[in-house]
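Q: Quick one: sequence plus predicted model below, questions after.
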Amino acid sequence: MSFSVACAQHDNTPKVPLVQTSQEEYPTIDYSVALEHPYEIAFETVPVNHGQSELHIDINLFGGSFFVSPNETKDFSGKFRVEIAPNDKLKLGADFEEIPSSKKVVDSKLFMRGDTYWVRESTQYKYPLQVNTTEDFEIGGKIIFTIEPKCTLEEIPIIFKFKDGELKVEKWEC
């Protein structure tokens, strides 16, 4: 059983905090936080050994915000993912770590098609990176996911810079 309470003008903007309570798999959501500041994200590259690094992405969630884990096997356009522009100098590995691991939740809402791997707590991702050159380069990419309940597709532009044998990642101000 669940319920929601809200006061809104005609533009559907909540003017008072809206809190949803429901079953165990749906923790309380503080909409004033989840809509205004749902998350913070930080990322860096960490050397592992010669030619290999890891991309570390830390996502801190606020107000009960959540997103679909990259561990989810069903096709969601807003599932968390990292993309790098096509190139032959830097390869993003498919094997990643999710810490802590997301849990599969049976979703009672029909549009979610049953059980889904949701990320509902602050999480770190570690993706392997392989540099295939000794030449300096800059390669663009994106971190993409839909943040809920705000329901916005987040596309965070990043750029990988390899200079003098050192790989770094930064937010790309395009």
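A: Noted; the coordinates are in hand. Residues are numbered from 1 along each chain as shown.

Q: From here on, just use CA atoms for contacts and neighbour counts.
A: OK.

Q: what's stretch 166-174 in contact with?
A: 43-45, 47, 53, 140, 156-162 (Cα atoms under 8 Å, 6 or more residues apart in numbering).

Q: Sorry, wrong one. I was asking about stretch 85-97.
A: Contacts for stretch 85-97 (Cα under 8 Å, 6+ apart): 84, 124-133, 137, 139-141.

Q: Please identify which two of the residues you listed are farthest apart in space.
A: Using Cα to Cα, the contacts of stretch 85-97 span at most 27.7 Å, a distance reached by 124 and 133.

Q: neighbour count winner among those two?
A: residue 124 (18 against 13; other Cα atoms under 10 Å).

Q: are any of the contacts of stretch 85-97 buried, and which?
A: 84, 124-131, 139-141 (16 or more other Cα atoms under 10 Å).

Q: Closest one to residue 149 out of the residues you listed, please.
A: Out of the buried ones among the contacts of stretch 85-97, the member with the shortest distance to residue 149 (by Cα to Cα) is residue 124, at 20.4 Å.

Q: That closest one reaches residue 58, doesn't it?
A: Yes: with contact defined as Cα atoms under 8 Å, residue 124 and residue 58 form a contacting pair (4.4 Å).

Q: could you pull out the helices for this protein?
A: Assignment of helices within the chain using DSSP state H yields the ranges 31-36.

Q: shaky segments in it?
A: Across the chain, the ranges flagged by pLDDT under 70 are 1-27, 107-113, 174.

Q: Let's see that with 80 instead.
A: 1-27, 50-51, 106-114, 174 (pLDDT under 80).

Q: residues contacting residue 155?
A: 142-145.

Q: separation between it and residue 123?
A: Residue 155 sits 18 Å away from residue 123, going by Cα to Cα, to the nearest Å.

Q: do the same with residue 28
A: From residue 28 to residue 123 the distance is 19 Å (Cα to Cα).

Q: Could you do residue 46 as well?
A: 17 Å.

Q: one step back: so which of the contacts of residue 155 is the closest to residue 64?
A: residue 145 (16.0 Å).

Q: burial of the closest one, as a residue count?
A: Residues near residue 145, counting by other Cα under 10 Å: 23.

Q: hey, what's it bridged with?
A: residue 154 (DSSP bridges).

Q: Now do the same contact list for it.
A: So residue 145 contacts 67-68, 78-81, 153-155 (Cα under 8 Å, 6+ apart).
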